[in-house]
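Asker: I would like to see how this sequence folds:
(one chain, ligands or ions: 1)
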Amino acid sequence: MKTVRLAHETDFAGWRDGARALVNAGVLPGEARFGVGCNDNGLFDEPLSAVGGPAIVVPRRFLELAQEVVLHRTADRFDLLYRLLWRMRERPDLLHVDSDADVADALERARNVSRASHKMKAFVRFREVEDDAGEAYVSWFEPAHRVVEKTAPFFVRRFTTMRWSILTPDLSAIWDGERLVYAPGASRQDAPGDDRLEDFWRAYYASIFNPARLKARTMQGEMPKRYWRNLPEAVLIPSLIAQAGRRTEDMRASPASESRKQTARAVARPARASSPHEGKVLDDLAELRPALQGCRRCDLWRHATQGVAGEGPRRADLMLVGEQPGDQEDLAGQPFVGPAGKLLDRALQAAGVDRENAYVTNAVKHFKFEPRGKRRLHQSPDAGEIGACRWWYEQELALVKPKVVVALGATAARQVLGRPVSLMKERGSPIDLGGGVTALLSIHPSFALRTPGEAEKARVVALLEGDLRMAAKLVG
Ligand code: URA
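Answerer: Below you'll find the model as predicted:
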């Protein structure tokens, strides 16, 4: 067995020189072997030292194919190429014989490599870091094949003015703004974790996602799960898929000017963007949901699946106001359909109130959360977000014209009264809002859910039920 030693895993020049020497020495494919970076003679019998001999003429197409196949991760790729080279001397048109097993194999490997390069272009996500020279960008990526050198020039063209590094287990590509150099492979720990760019990627992805075009299978094929853990926006994928149907409807209902392009531009602009709906007073509750999807009054729209409008009759004597949509409400596009909603339903029933007759909404219309692994943890809206959402609450109030508004929890109380509230001091007593509207402050159902101990929980639920009973009485 004759062996050619190659300097590294993608040593095409080493393979080409070694293959030429083997062919000139008349070494059959079954008697040749290519090994990477090993100078331990014990491993190889008869290492091939004399490289050279006359050049072998091969079609350009073969050279191009060989340069791709060398990047494939399979160990026998060099042997396959040598076999092809050997056989092409007899059959110069071999590469045109698609039915040939070696040809088909090589073409398939080249396709895999090309796909891996495409995925790298699509799924590298840079994170911002600060070094002595200022701001720089680093990303961690695990390509399916050894495509770093093949693909790095793409990033040079695309991000010429940035200083960046792409770290991979094989090799690291480093661009300092002038030169592209390669360094040894790295590990995931060498790359920085999250930063504010994650928000950008998430918002950008959510804005370019077109629910009308959703083909979940294709999407997952395009964005294979192996890459998800490096993609900040992957946390959005399940909710975007779940919401595709509803968002498609909203897209159709929205005016054409509210296009995806506009949204994408809004994302690219860090400053608050305005929306075509922003000062428009609604004539009808049916306009609320589509209008909410254009809301840019605060930043919560960026990460939420959708704005969740209130639900209920066009005119209702009783209005229930919660805090903000939770995880399930954000996906479903309806208020109080998750665990807190179930508890609220039971309390309403116990109080003799038919939910169907009440208008149920939230003080803040977008879900505020913090991604934690695959979960989205609820975060309370701040005063600015509550104030920004007042516009929508007031429109609901003007259209629904309730007699009684029950604020569930401190956020709702702040929205309804328009000032900070000490809930436990003010709950349970009717408050005149003027214009024939009475407010009643009560406990948020989630507070009851979180209360430890069955007895204590039952006491809290009883308070909520009592308040709802009083609200029913006030409605008359
Ligand atoms: N909590 C709320 O305040 N509102 C909902 O819609 C769901 C949970």
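Asker: what's the span of stretch 431-443, first residue to last?
Answerer: 16 Å (CA to CA, to the nearest Å).
Asker: buried residues in it?
Answerer: Buried residues in stretch 431-443, defined by neighbour count with 16 or more other CB atoms under 10 Å: 431, 437-443. For glycine as for every other residue, the C-beta is placed from the backbone atoms N, C-alpha and C.
Asker: can you check stretch 348-361 too?
Answerer: For stretch 348-361, burial by neighbour count (16+ other CB under 10 Å) applies to 348, 351, 353, 355, 358-361.
Asker: can you check stretch 22-34 too?
Answerer: 22-23, 27, 29, 32-34.
Asker: got the CA coordinates for that stretch in PDB?
Answerer: What follows is stretch 22-34, C-alpha atoms only, in PDB (Å, rounded to 0.1, in the frame of the first residue of the first chain):
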ATOM      1  CA  LEU A  22       0.700   7.800  -7.700                       C
ATOM      2  CA  VAL A  23      -0.600   7.800 -11.300                       C
ATOM      3  CA  ASN A  24       2.800   8.200 -12.800                       C
ATOM      4  CA  ALA A  25       4.100   5.400 -10.600                       C
ATOM      5  CA  GLY A  26       1.200   3.200 -11.800                       C
ATOM      6  CA  VAL A  27      -0.300   2.700  -8.400                       C
ATOM      7  CA  LEU A  28      -3.800   1.300  -8.600                       C
ATOM      8  CA  PRO A  29      -6.600   3.000  -6.600                       C
ATOM      9  CA  GLY A  30      -6.900   0.000  -4.300                       C
ATOM     10  CA  GLU A  31      -3.200   0.200  -3.500                       C
ATOM     11  CA  ALA A  32      -3.100   3.900  -2.600                       C
ATOM     12  CA  ARG A  33      -4.100   5.700   0.500                       C
ATOM     13  CA  PHE A  34      -4.300   9.300   1.600                       C
END
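Asker: average pLDDT for it?
Answerer: Averaging pLDDT along stretch 22-34 gives 92.
Asker: Can you pick out the most distant pair from the buried residues of stretch 431-443?
Answerer: 437 and 443 (20.8 Å; CB to CB).
Asker: Determine the number of other residues adjacent to residue 157.
Answerer: 7 (other CB atoms under 10 Å).
Asker: For the helix or strand where it lies, which helices and strands make contact with it?
Answerer: Assigned by DSSP states H and E, residue 157 falls within helix 148-158. Where contact means 3 or more CB pairs under 8 Å, 6 or more residues apart in numbering; DSSP states H and E, helix 148-158 is packed against helix 101-123, strand 164-167, strand 171-175, strand 180-184.
Asker: what distance separates the longest one from the centre of its chain?
Answerer: This points to helix 101-123. Put simply, helix 101-123 sits 25 Å off its chain's centre (CA atoms, centre = their mean, to the nearest Å).
Asker: Next, the buried residues of it.
Answerer: Within helix 101-123, the residues that qualify as buried are 102-103, 105-107, 109-110, 112-113, 116-117, 119-120, 123, counting by 16+ other CB under 10 Å.
Asker: which stretch among the helices and strands packed on helix 148-158 comes nearest the ligand?
Answerer: helix 101-123 (33.8 Å; CB to the nearest ligand atom).
Asker: quick one, domains of this structure?
Answerer: What the record gives for the chain is the domain set 2-119, 124-190, 198-253, 283-475, from automatic domain parsing.
Asker: ok, and does the longest one reach over to the ligand?
Answerer: Yep, that's domain 283-475 we're talking about. Yes - part of domain 283-475 sits near the ligand under the criterion CB under 6 Å from any ligand atom, namely 322-326, 329, 335-336, 338, 340-341, 362, 446.
Asker: Make a markdown table from the buried residues of helix 101-123 and add pLDDT to it.
Answerer: Converted to a markdown table, the buried residues of helix 101-123 look like this (pLDDT from 0 to 100):
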| residue | pLDDT |
| --- | --- |
| 102 | 97 |
| 103 | 97 |
| 105 | 97 |
| 106 | 97 |
| 107 | 97 |
| 109 | 97 |
| 110 | 97 |
| 112 | 96 |
| 113 | 97 |
| 116 | 95 |
| 117 | 95 |
| 119 | 90 |
| 120 | 91 |
| 123 | 83 |
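Asker: before we move on, the earlier item: can I get the residues of domain 283-475 next to the ligand in a markdown table with pLDDT and secondary structure?
Answerer: Output for the residues of domain 283-475 next to the ligand, formatted as a markdown table (pLDDT from 0 to 100; DSSP: H, G, I helix; E, B strand; the rest coil):
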| residue | pLDDT | secondary structure |
| --- | --- | --- |
| 322 | 98 | strand |
| 323 | 98 | coil |
| 324 | 98 | coil |
| 325 | 97 | coil |
| 326 | 95 | coil |
| 329 | 93 | helix |
| 335 | 96 | coil |
| 336 | 97 | coil |
| 338 | 93 | coil |
| 340 | 97 | helix |
| 341 | 97 | helix |
| 362 | 98 | strand |
| 446 | 97 | helix |
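Asker: Just give me the closest of the residues you listed to residue 140.
Answerer: Lowest distance from residue 140 to the residues of domain 283-475 next to the ligand (CB to CB) belongs to residue 326, with 32.4 Å.
Asker: what about the helix or strand hosting residue 411, average pLDDT?
Answerer: Here residue 411 sits within helix 410-417, counting by DSSP H and E. Averaging pLDDT along helix 410-417 gives 96.
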